[in-house]
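Enquirer: pasting the sequence and the predicted coordinates here, then a few questions.
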Number of protein chains: 2
Amino acid sequence: MSDVIEPVSTSFPVSARNRVKRVHERGSYDKAAVFAILDAALLCHVSYVIDGQPFCTPTLFWREGEVLYWHGSSASRMLKHLKAGTPACLTVSHLDGLVLARSGFHHSANYRSAMCFGTARFIEDADEKLAALKGVVDRFYPGRTQTLRAIDPQEFKATMVITMTIEDASAKVRAKTVADDEADYATPLWAGVIPVAQMIGAGEPCPRLIPGVERPDHLSAYREGRRLDETFVEMQRAYEQGGE
Amino acid sequence: MSDVIEPVSTSFPVSARNRVKRVHERGSYDKAAVFAILDAALLCHVSYVIDGQPFCTPTLFWREGEVLYWHGSSASRMLKHLKAGTPACLTVSHLDGLVLARSGFHHSANYRSAMCFGTARFIEDADEKLAALKGVVDRFYPGRTQTLRAIDPQEFKATMVITMTIEDASAKVRAKTVADDEADYATPLWAGVIPVAQMIGAGEPCPRLIPGVERPDHLSAYREGRRLDETFVEMQRAYEQGGE
């Protein structure tokens, strides 16, 4: 063990790549701000380039520290090209509200988004890959893999896991009411915010469920009528603490 | 007027770019399928490339026929690079449910996603740009621009509109219960779908609203407790029919 304590930055470095250009007062490079947006989601969009053509692929992802993971079939177009390690941009966005202003120009949306840059690569090491395959289940449903059978060799082969350490990132948030031009506030028009949120519905058990099997405790956070983003953040905390 | 009626394809052409590679039975090139996914959303992610670096940018978008539009400040990094016309990929995704299986491998999500490819370019023509700036408001709130003051020259200059004709596209949908391996159905584990949906909340009027101003009819579709995706589809239909 070394006595040297490495300084840990609470912010990502700022470069031409992640500098927030538009409406920059909404931007942040704070790691906690970026992680909070990532942890509230299951779905991200990953951008990558093949022969100059950009692709924007939706996929499930998860985070461990400053490392992001996503996975897919070994037949996927994206995965083949990511094998060698390739620049990628992983973005998560939450739509939080529709903003109706007194002028067309100030119509907007409330949102939280995080863009993460790095080099995406396949996980080749079998132990690292197995840990990641368990991670994707346990991150959303802490402790669930303990209740499942082991991954069989065919499944292990058919699933590829991609990892990307976040080199730099930025968060952008709009979370406020209408911002109209001063002169327009006198206009007798309805203006305001219509909030929107991803909500959890009533669970739909598999029609072939063994009679008498109850929903396990590791799903209790997914209550009907609850916000999905808050639930995902809670599950990330539980996962980081080593399962329930 | 010509007597020649051009054949109209109901599907987008299939190329190496948009061919659905992974779990291909979920894929479709049908225009109506792609449009249904696009019309249910306000938020998209656009991928583009600057010096080999992919960017994945969340933005508001809207559709007129086979043409997509999005806009932003003229200071934005993306917009500067799109001025000359550049390959882009615009993707819309809806998360519809969490799928919990009896094995880690078959855990999944229900979703609807559409990837659209084309060449993005600035709108330079003033009339075309003005129509598009009205379009973004009226597409989500049909008839609203008639109630707003005109766009002033500064606002017109500050906002850039990008347009992309869809050259090819694909839709991918998973909308079903758990699909486990036959042997695993005998396992006494809870499996099923936890549905999720973007829901509309109670409107939050601007604190500076002129007393007595009511919410207008063109916002009546945004009812508290309603699904946002269904509302957006209804608004697109109303917009296509020329306002409310």
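Expert: Nice, I can see it.

Enquirer: give the next helix or strand downstream of the worst-scoring helix or strand of chain A on mean pLDDT.
Expert: Lowest on mean pLDDT, DSSP states H and E among the helices and strands of chain A sits helix A:77-82, with a mean of 65. Moving toward the C-terminus from helix A:77-82, the first helix or strand encountered (DSSP states H and E) is strand A:86-100.

Enquirer: for the longest helix along chain A, buried residues please.
Expert: In chain A, taking DSSP state H as the definition, the longest helix is helix A:126-140. Residues of helix A:126-140 classed as buried by neighbour count (16 or more other C-beta atoms under 10 Å in any protein chain shown): A:Lys129, A:Ala132, A:Leu133, A:Lys134, A:Gly135, A:Val136, A:Val137, A:Asp138, A:Arg139, A:Phe140. Yep, even glycine has a C-beta here, placed from its N, CA and C like the rest.

Enquirer: phi first, then psi, for the closest residue to the fifth one other than its chain neighbours.
Expert: Right, A:Gly135. Nearest residue to A:Gly135, sequence neighbours excluded (C-beta to C-beta, 6 or more residues apart in numbering or on different chains): A:Trp62, at 6.2 Å. Torsion angles at A:Trp62 (phi, psi; degrees, to the nearest 10) stand at phi -150, psi 170.

Enquirer: what are the bridge partners for A:Trp62, then?
Expert: On the basis of DSSP bridges, A:Trp62 is bridged to A:Tyr69.

Enquirer: ok, now A:Leu95?
Expert: Going by DSSP bridges, A:Leu95 forms beta bridges with A:Tyr111.

Enquirer: the one 4 residues further on now?
Expert: In this structure, A:Val99 has beta-bridge partners A:Ser108, A:Val193, where bridges are defined by DSSP bridges.

Enquirer: can stretch A:152-170 be found next to chain B?
Expert: Yes - applying C-beta under 8 Å from any C-beta of the partner chain, one finds stretch A:152-170 touching chain B at A:Asp152, A:Glu155, A:Ala158, A:Thr159.

Enquirer: in a markdown table: these, plus secondary structure.
Expert: Output for these, formatted as a markdown table (DSSP: H, G, I helix; E, B strand; the rest coil):
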| residue | secondary structure |
| --- | --- |
| A:Asp152 | coil |
| A:Glu155 | helix |
| A:Ala158 | helix |
| A:Thr159 | strand |
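
Enquirer: picking up where we left off before, let me have the buried residues of helix A:126-140 in a markdown table, extended by pLDDT.
Expert: As requested, the buried residues of helix A:126-140 are arranged in a markdown table below (pLDDT from 0 to 100):
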| residue | pLDDT |
| --- | --- |
| A:Lys129 | 94 |
| A:Ala132 | 94 |
| A:Leu133 | 93 |
| A:Lys134 | 94 |
| A:Gly135 | 94 |
| A:Val136 | 93 |
| A:Val137 | 96 |
| A:Asp138 | 96 |
| A:Arg139 | 97 |
| A:Phe140 | 97 |
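
Enquirer: now do the buried residues in the helix or strand where A:Met160 lies.
Expert: With elements taken from DSSP H and E, the one containing A:Met160 is strand A:159-165. Residues A:Thr159, A:Met160, A:Val161, A:Ile162, A:Thr163, A:Met164 are the ones in strand A:159-165 that count as buried (16+ other C-beta under 10 Å).
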